[in-house]
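Undergrad: predicted structure and sequence below. I'll ask about it afterward.
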Amino acid sequence: MIKPPYDSLSLSLVLPFVALGFVVSALLSLITFALVAHYEERAIERMLQVEMDSFRNRLARNPDALPPSTTELSGHFLPIPEFRFLAPAEPGQQRIERVLQGDRDYTVLLADVDGKPYALIYERTYVDAILGNLALYLQLGTGLMTLFSFLLGTYLARRVVRPIGKLLGEVSEKTARANLLAGPPLTFSPADYPNNEIGRLVLGLDQFALRLHGFLERESYFAADVSHELRTPVAIIRGTAEVLIEYPNLPDVIQQRLRTIHRQAVRMGQILDAMLHLAREGGEEGDPACAIAEVIYDAVADCSFSLAGRPVRISVEVLERAILPVERSMAYVVVSNILRNACSYTREGVIAVRLDGHHLEIVDSGIGIPEDRFPALFKRLDKGEESTGFGLGLSIVSRVAERLGWTVDIQSRSGMGTRVSITFPEQSGNNFSK
C-alpha cells in the first residue's frame, strides 16, 4: 500500500493566510489603479473641453486670438503636418481620440471651430509615467502585503501547532515502551497545554489512556489467569490418561478413547500456550525453535478422528524439514486450524499437505469458499453457512501468522476446493534437513 504524502498542518494554516493576503492586496491594487486611471482620463477630457470652450470665447471676442500653445497642450486647425492622419470631426460634433506618435502618447479633442476643423492636442506622457509609477508601487505593495501575510500566518501556525507537536512527542515517547503494562499508566497533563480545544483534547486523551490501560490490564490478567488455571486441570487429565493407557487388560475401545483424551489434552495445552503468547505485547522470549514437520504430523493425527466414516484421506509430503525460530504452540494453532477447516468442508477425496523449506501448502477437494466471503474471511465471528463453529479459527490464524511474520494466502472457488499457502520469512535462524 502506497503511503500518502505528509500533509503539514503548519503549511495548511499558512497557505490560506498567504492566499488571502495576496488576493485582497491584488484586488485593492487593481481597483485603486482602475479608479485613478479613470478619474485621470476624465480630468484630461474635462481640461480639453474647458480649453476648447475658452478658445471659442476668445475667438468670438477677437478673431485674431491665437490657439493655446504650451509644452503639453496645443491647438491647431487641420490639417496638421505631424498628424496628417487625424480626420476632422463632423460639423457640429466633437470627439476624443488617443493617438500614439513615435514614443509619445496624446489625447486629441477634435471639433469644429468657427466653421473650420480644429484639434486640441494634449501630450499625456507625464500622466502615463505617473500611472506607470503608481502601478509599480501597487505591485510592490501587493508583494509586501503577501510577505506580511506569510509572516503572520507562520507566526500563528507555530503558536497553534507547537502544543500539538509537544503532545505528539509526549505520546511517541510514552508509547515507545516495550510493554505498555509495565510501570504506571500512560497519563497526560492538561495543565501543561493551553486552555482551549487542544487542552480539551489532551484531557480527553488522558481519560482515554486510563481506560485503555485498565482494559489492557484486565485482558492481560484474564489471559494469564485463564491459562494458569486451565493448565493444572489439563495437566491432570493428560497425566491420568497417560497412566490409564499403560494399564493392562483394558479393552481396545477404551484404549482408543484414552488415547483421544490424551491427545486432546496435549492439544489443549498447546492452544493455551499459544493464546498466552498471543496475548503478550512483546516479542517471543528466549530462543524458540520448532520442527514444523512434527507439528504437521501432530495436527494430522488430531484431525484424523473427525474424518471417521468419510472417504477422505490426508497425504503429507515433506520435502525439507524446516526448523523455524517460533514457539511450537503458535505454529500448531495455525496448522491445526487450517487443517481442521479442510477436514470439516471435505466430504470425499484427498487433503494434500506439502512442506518445503519456506512454504506450507494445504489443498483440499472440499466445497470451497464463495467469492463474497473473501473480504471478511479473517474477521472474528465470520463463518460459512455450513460451519458449526463460532467463526474464530481463521481470525486466530491471521493474528498468529501476523505475530510470527508468516504470510497466509487462500485461493478458493465454490465447489472447486481450497488451497492455503503459508510462506515462512527468510531468517538466519531457519535450518533445513531432508
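TA: Cool, the structure landed. Computed from a prediction, not measured in an experiment: that's the story for all the values here. Residues are numbered from 1 along each chain as shown.
Undergrad: now the helix or strand in which residue 162 is found: average pLDDT?
TA: Using DSSP states H and E, residue 162 sits within helix 125-175. For helix 125-175, mean pLDDT rounds to 86.
Undergrad: elements contacting it?
TA: When contacts are defined as 3 or more Cβ pairs under 8 Å, 6 or more residues apart in numbering; DSSP states H and E, helix 125-175 packs onto helix 9-61, strand 104-113, helix 197-245. Backbone N, C-alpha and C define where each C-beta goes, glycine included.
Undergrad: pull out the buried residues from stretch 244-262.
TA: Residues 244, 258-259, 261-262 are the ones in stretch 244-262 that count as buried (16 or more other Cβ atoms under 10 Å).
Undergrad: same check, this time on stretch 97-114
TA: 105-111, 113.
Undergrad: touching stretch 69-83 from outside, list them.
TA: Defining contact as Cβ atoms under 8 Å, 6 or more residues apart in numbering, one finds that stretch 69-83 is touched by 47, 51, 55, 67-68, 86, 88, 99, 101, 108, 113, 116-123, 126.
Undergrad: now do stretch 307-316
TA: Identification of contacts with stretch 307-316 by Cβ under 8 Å, 6+ apart yields 296-297, 300, 303-304, 339, 343, 346-353, 355.
Undergrad: run the last query once more with 7 Å
TA: Residues from elsewhere that reach stretch 307-316 (Cβ atoms under 7 Å, 6 or more residues apart in numbering): 296-297, 300, 304, 343, 346-353.
Undergrad: tell me which element residue 317 is part of?
TA: For residue 317, the host element (DSSP H and E) is strand 312-318.
Undergrad: give the next helix or strand downstream of that strand.
TA: Trace forward from strand 312-318 with DSSP H and E and the next one is strand 323-324.
Undergrad: and that next one, what other elements does it pack with?
TA: strand 290-291 (3 or more Cβ pairs under 7 Å, 6 or more residues apart in numbering; DSSP states H and E).
Undergrad: quick one: average pLDDT of the strand it packs on?
TA: pLDDT averaged over strand 290-291 gives 85.
Undergrad: tell me what it is packed against?
TA: Going by 3+ Cβ pairs under 7 Å, 6+ apart, strand 290-291 lies up against strand 323-324.
Undergrad: and stretch 28-39, what's buried?
TA: For stretch 28-39, by 16+ other Cβ under 10 Å, it's 29, 33.
Undergrad: quick one: contacts of that stretch?
TA: Contacts for stretch 28-39 (Cβ under 7 Å, 6+ apart): 131, 134-135, 138, 141-142.
Undergrad: nearest to residue 218, of the residues you listed?
TA: Distances from residue 218 to the contacts of stretch 28-39, taken as Cβ to Cβ, are shortest for residue 142 (62.6 Å).
Undergrad: what's the burial count for that closest one?
TA: 20 (other Cβ atoms under 10 Å).
Undergrad: check the gap between it and residue 156 for me.
TA: Using Cβ to Cβ, to the nearest Å, we find residue 142 at a distance of 21 Å from residue 156.
Undergrad: mind checking which of the buried residues of stretch 244-262 land in strands?
TA: Of the buried residues of stretch 244-262, none are assigned to strands by DSSP state E.
Undergrad: in those, find the pair that's most separated.
TA: The most widely separated members of those are 244 and 259, with 9.8 Å between them, by Cβ to Cβ.
Undergrad: end to end, how far does stretch 189-205 reach?
TA: In stretch 189-205, first residue to last residue: 10 Å (Cα to Cα, to the nearest Å).
Undergrad: mind listing what's buried along that stretch?
TA: Under the neighbour-count criterion of 16+ other Cβ under 10 Å, stretch 189-205 has 190, 193, 198, 201-202, 205 buried.
Undergrad: and if you look at stretch 74-89?
TA: Within stretch 74-89, the residues that count as buried by 16+ other Cβ under 10 Å are 74-76, 86, 88-89.
Undergrad: cool, and stretch 147-158?
TA: 149-150, 153-154, 157.
Undergrad: re earlier: nearest to residue 16 among the contacts of stretch 28-39?
TA: Nearest to residue 16, judged by Cβ to Cβ, of these is residue 142 at 17.2 Å.
Undergrad: name the nearest residue to the closest one, ignoring sequence neighbours.
TA: Spatial nearest neighbour of residue 142, excluding adjacent residues (Cβ to Cβ, 6 or more residues apart in numbering): residue 25 at 4.4 Å.
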